[in-house]
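predicted model follows, preceded by the sequence.
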Amino acid sequence: MKKTGLKKLVAAFATVSMLAACGGGDEEDSTITVGLTYIPDVQFFPFYVAVENGYFESAGVEVDIRHHGAQESLFTALATGEEDVVFVSGDEVLFARAEGMDVTSIMTLFSEYPSTLIVPQDSDIETPADLEGRSVGLPGEYGSNYFGLLAMIDAYDLENVEVESIGFTQMAALSRGDVDSVIGFVNNDAVAMESQGFDVRTIDLAPDLPLIGPGLAVMEENLGENEDEHRAIMAGLQKAVEFAEENPEEALDIVTKYVPSMTDPEVREAATLTFNATLPLYVGDGKVGTQDVERWEDMSEFMVDAGLIEELVPVDEVMTTEITG
């Protein structure tokens, strides 16, 4: 499969790799800074709840939350030591590792990969196999949605699908009929469309998708010295998710401190849909924070076959089970 469209991503990883050589955090600072991507969002509710309810502190770690800037590369702050931990998809960690960045996944937080195929409710597309001769839109040829697209094409041996980079305009493009389908996040794009009155359906990308969703990653050099803090973060998130299961409205009230626009009833209603779609992803089989070694191996093989990376990345280099047990 083609590598087209990954040049920007490769360049970004190369840049942060160079920064890592001259960066570093303050070893005397016991506070762990967790990087969450871009703007505050309800999907990060366990982190907000754990901070506000003192779950991190009671587990033995002080956590500062930092949201990335809109133009900031995913791993820059981690590489320079401005962040100690970053919320990132497993596939992006593996891709970065293949490009020479010493980043390691310490836990997977989403039990399922969140990317999905989205079609209008009345579409005759029932499975990805129906995409032959049709079009699919996605933000661009990079990141989790792109990796998911390639996995879908591979799983169904699709040969005639028109792929269009449409930026973050999935709803507009789909509702206008510019594309027949889009790739988006089941807990974000799909529920946003529903909340705005556009009826859609979601379709799994593949039966056994060889990709790993969001979790937490660190620079390899910080693995051993911060194991206790990393376990404490996992424990704090576990308590936060349990609290949210039992007290959803209270959890949403906490999120509102970080997302002030949720004081608007309509925004709160839309956020509730995202919350309801995201909670099961964190809950999984009841334990927050896992590592599936076999799935990591499958993902490495898939990314080689897809032409995303040149050679297999040994699983013990890109992830650890020391924190999740």
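Good, I have the coordinates. Numbering: from 1, shown residues only.

so who does R134 touch?
Contacts for R134 were tallied using CB atoms under 8 Å, 6 or more residues apart in numbering; they are I125, V161, E162, D180, S181. C-beta coordinates here come from the backbone N, C-alpha and C atoms, glycine included.

quick one: the helices in the chain?
For the chain, applying DSSP state H gives helices covering 7-22, 45-52, 55-59, 76-80, 90-98, 143-156, 170-176, 189-195, 227-246, 248-258, 265-283, 293-305, 315-318.

can I assume P248 is in contact with T278?
No - assessed by CB atoms under 8 Å, P248 is found out of contact with T278, at 11.4 Å.

so which of the contacts of R134 wins on neighbours?
Counting neighbours by other CB atoms under 10 Å, S181 leads the contacts of R134 with 26 neighbours.

contacting residues for it?
L117, I118, V119, S123, I125, L131, R134, S135, V136, G137, L174.

can you rerun that using 10 Å?
For S181, the contact set (CB atoms under 10 Å, 6 or more residues apart in numbering) comprises 117-120, 123, 125, 128, 130-131, 134-138, 161, 170, 173-174, 200-201, 203.

which of these are buried?
Buried by 16 or more other CB atoms under 10 Å: 117-120, 123, 125, 128, 130-131, 134-138, 161, 170, 173-174, 200-201, 203, out of these.

which secondary structure element of the protein has the lowest mean pLDDT?
Lowest on mean pLDDT, DSSP states H and E among the helices and strands of the chain sits helix 7-22, with a mean of 41.

quickly list the domain ranges of the chain.
What automatic domain parsing lists as the domains of the chain is 7-112+212-318, 115-203.

now render the ones you listed as a markdown table, adding distance to G325.
Converted to a markdown table, those look like this (distance: least, CB to CB, whole Å):
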| stretch | distance to G325 |
| --- | --- |
| domain 7-112+212-318 | 9 |
| domain 115-203 | 26 |
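
and those domains, which one averages the lowest pLDDT?
Mean pLDDT is lowest for domain 7-112+212-318 among the domains of the chain, at a mean of 89.

run the chain-centre distance for that domain.
The chain centre lies 8 Å from the centre of domain 7-112+212-318; the measure is CA atoms, centre = their mean, to the nearest Å.

ok, stretch 186-204 next?
17 Å.

what's the span of it, first residue to last?
10 Å (CA to CA, to the nearest Å).

ok, D124 - contacts?
Going by CB under 10 Å, 6+ apart, D124 touches D130, R134, D180.

still on that earlier bit, so of the contacts of S181, which ones are in strands?
Per DSSP state E, strands hold the following members of the contacts of S181: L117, I118, V119, P120, S135, V136, G137, L138, V200, R201, I203.

F47 touches F56, doesn't it?
Yes - assessed by CB atoms under 10 Å, F47 is found in contact with F56 at 8.7 Å.

compare neighbour counts for the two and give me the winner.
Between F47 and F56, F56 has the larger neighbour count (other CB under 10 Å), namely 27 against 23.

spatially, what comes nearest to the more buried one if we skip its sequence neighbours?
Distances taken as CB to CB, 6 or more residues apart in numbering place G236 nearest to F56, at 3.9 Å, with adjacent residues excluded.

next one: the residue nearest to I203 when sequence neighbours are not counted relative to N188, how far apart?
Nearest residue to I203, sequence neighbours excluded (CB to CB, 6+ apart): L117, at 4.2 Å. Separation of L117 from N188 (CB to CB, to the nearest Å): 14 Å.

and what of M303?
23 Å.

tell me how far the residue lying closest to D189 once chain neighbours are set aside lies from K257.
Spatial nearest neighbour of D189, chain neighbours left out: Q170 (5.2 Å); criterion: CB to CB, 6+ apart. Going from Q170 to K257 by CB to CB gives 29 Å.

ok so, going back, mind listing what the residue nearest to F56 touches?
Neighbour list for G236: 46-47, 49-51, 53-61, 63, 288 [criterion: CB under 10 Å, 6+ apart].

buried only: go through those residues for me.
The neighbour count (16+ other CB under 10 Å) marks P46, F47, V49, A50, V51, N53, Y55, F56, A59, V61, V63, V288 as buried among those.

returning to that earlier point: so which of the contacts of G236 is the closest to Q71?
F47 (22.4 Å; CB to CB).

which ones are touching the closest one?
Counting by CB under 10 Å, 6+ apart, F47 makes contact with 34, 36, 40, 55-56, 63, 65, 87, 233, 236-237, 240, 255, 258.
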